[in-house]
Structure formats: structure tokens, C-alpha cells
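1. pasting the structure only:
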């Protein structure tokens, strides 16, 4: 793994701040159950950038111990504010009952990117654990676009490595391009906006969004060098390639959290 990670790091390429569908709750590891809120703006979390207005998600559900629970009725409308603008977004209020992994999956409505004359749809996964009992975190759900973790996404030390496999309908996607962003502006859960100040200042704009590539088996590794949440977006891997007569990039997104060493 170490050899591959070094090689992958050398192949890093960089792009401007990328689109990321958020499915954010502050802590992915809980000692006990209770109510949590998940915020769902479609935005640029590493730069507190433009918030894109998207129609209500096509699907939103939770999987726990292989049982699927439809949560679409828990979604409500909000306005999300970044450093540059404000846009329509969504949130969900749900309850965690019992120990285990809660896999939240959102399938947003495709967003029309006018500059590219095409649509983007980011099928997004966030996994919350209760009571340190792992259950579903590494399950392949057979989604059209999916990142299947090989590392518990809620149990990674700062500086540790997150590993995963990019898949479409259960089949690995070789050499998939994956954009990576750090949640550099902490979301304010009460006021629905990003923090005014970043956690860190990148040395150059090229570090805001990093692009890595999976190997021939669809596997990738990335070191989480800063405590906080990180987003991974595997681009254009879904089986759906068009929407309303235009090109569709059906992406897979997963959010993971690195924790400081005690």
C-alpha cells in the first residue's frame, strides 16, 4: 500500500475548486444514539464558494444492518450561505436508534451546469457510527456510482490513510478520476453558512482541489493530513450518461473524517 500511495501522490494533478454534494453532520462517530441533522448544499466546501441551487433530491435513505429506511420525507428546505453567495439547499433531521453503522445515501436531482452545457449528479454517501460497533460501513450497495470504503470512514487518525474502491453496479471502475477536497470552512449548523475563516490557508490555489486516480482495480488511497472532514468525488463513473438529451456526469461522493491524535 505504501509504495502505491507514494506513486499516486507523485501523479497528483490539480484543478479549480470542484463541485461537491455535501451530506454533512459534524461528527461521524457517536457514543450513543439520538437526533442528528444532515446539511445538503451543493457547493465548494474547500473554498466556501458558489452555492448551486438544485431541485429536491430524487432519493434519500438510510441503511442499517442491511435494512433500508426511506428518509425522503425528513428533508426540508434551507438557504445555505458561502463567502460569495447564498443558494437553495436542503437538510434532514433523523434519529439514530441503537448501535451500529448508519449509511446515509442521497441521490440529488441532476444539476445543469450551463458553462459546460451538461448535467452533474453526485450520488453521495455519509456513514455515521454509534457505539463503536461496525456493521455496514464496507458494504457494496450496488449503486450506479459508488465509493466502497476499505477503511472505516469514521475511525481514521489525522495523517492516516483512507482507502476505497470506485464501483458502478458492483463492478470496479479502473483508473477512475477522483477529486478530493478538505472541508476547510466549518459549517455553522444553526445559521446555515460556512465559517468566515478557513481552518488552513493553502499555499497555492492548486491545492484546493486535488485529483488522484484509482488503479486498474478501481482502488485508491489518500492520506488525510489534517483533522476534519474530507470529500472524495469519483467523476463520471455512473451508468447513466445522459439526462434530458444532454451529457450527464454521474459521480460518486463519500465523506470521511480524520481525528486528531489524543
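-> Sure thing, it's come through. The model shown is predicted, which means the values in this text are computed figures rather than measured ones.

2. Show me where the stretch 101-250 of the chain dips below the pLDDT cut-off.
-> Scanning the stretch 101-250 of the chain for pLDDT under 70 picks out nothing.

3. now the strands for it?
-> 111-113, 118-130, 146-149, 156-157, 161-168, 171-172, 177-182, 187-188, 193-194, 209-213, 219-223, 228-234, 242-243, 246-259 (DSSP state E, counting those that start in this stretch).

4. Which secondary structure elements does the fifth one sit against?
-> Packing contacts for strand 161-168, counted by 3 or more CB pairs under 8 Å, 6 or more residues apart in numbering; DSSP states H and E, involve strand 146-149, strand 219-223, strand 228-234, strand 246-259. Placement of C-beta: from N, CA and C, glycine included.

5. What strands line up against it, and which way round?
-> Its sheet considered, strand 161-168 pairs with strand 146-149 (antiparallel), strand 171-172 (antiparallel), strand 219-223 (antiparallel) by DSSP bridges.

6. repeat for the fourth one
-> The strands that strand 156-157 pairs with in its sheet are strand 246-259 (parallel) (by DSSP bridges).

7. if we can go back for a sec, right, so of the strands of the stretch 101-250 of the chain, which gets closest to residue 21?
-> strand 118-130 (3.8 Å; CB to CB).

8. Now do that closest one against strand 246-259, angle only.
-> 30 degrees (axes from the mean of the first three to the mean of the last three CA atoms, to 10 degrees).

9. Kindly reformat the helices and strands packed on strand 161-168 as JSON lines containing distance to residue 172.
-> Formatted as JSON lines, the helices and strands packed on strand 161-168 follow (distance: least, CB to CB, whole Å):
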{"stretch": "strand 146-149", "distance to residue 172": "9"}
{"stretch": "strand 219-223", "distance to residue 172": "7"}
{"stretch": "strand 228-234", "distance to residue 172": "11"}
{"stretch": "strand 246-259", "distance to residue 172": "12"}
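
10. circling back to that earlier point, highest average neighbour count across the strands paired with strand 161-168?
-> With neighbours defined as mean count of other CB atoms under 10 Å, the strands paired with strand 161-168 peak in mean count at strand 146-149, which reaches a mean of 24.

11. Can you give the distance of that one from its chain's centre?
-> Computed by CA atoms, centre = their mean, to the nearest Å, the chain-centroid distance of strand 146-149 equals 10 Å.

12. just stretch 77-96 next, same as before
-> Its chain's C-alpha centre and that of stretch 77-96 lie 15 Å apart, by CA atoms, centre = their mean.

13. Which positions within that stretch qualify as buried?
-> Within stretch 77-96, the residues scored as buried using 16 or more other CB atoms under 10 Å are 80-83, 87-92, 94, 96.

14. Need the max-distance pair from the residues you listed.
-> Farthest apart among those by CB to CB are 83 and 96. That separation is 31.7 Å.

15. picking up where we left off before, go through the buried residues of stretch 77-96 and flag which are in strands.
-> In strands, judged by DSSP state E, the following of the buried residues of stretch 77-96 are found: 80-81, 87-92, 94, 96.

16. The residue lying closest to residue 219 once chain neighbours are set aside and residue 191, how far apart?
-> Leaving aside its sequence neighbours, residue 219 sits nearest to residue 165 (CB to CB, 6 or more residues apart in numbering; 5.1 Å). Computed as CB to CB, to the nearest Å, the residue 165 to residue 191 distance reads 37 Å.

17. Those two: which is more packed in?
-> Using other CB atoms under 10 Å as the criterion, residue 165 and residue 191 rank with residue 165 on top: 21 against 8.

18. That one against residue 216, yeah?
-> No. Counting by CB atoms under 8 Å, residue 165 sits too far from residue 216 to count as a contact (11.6 Å).
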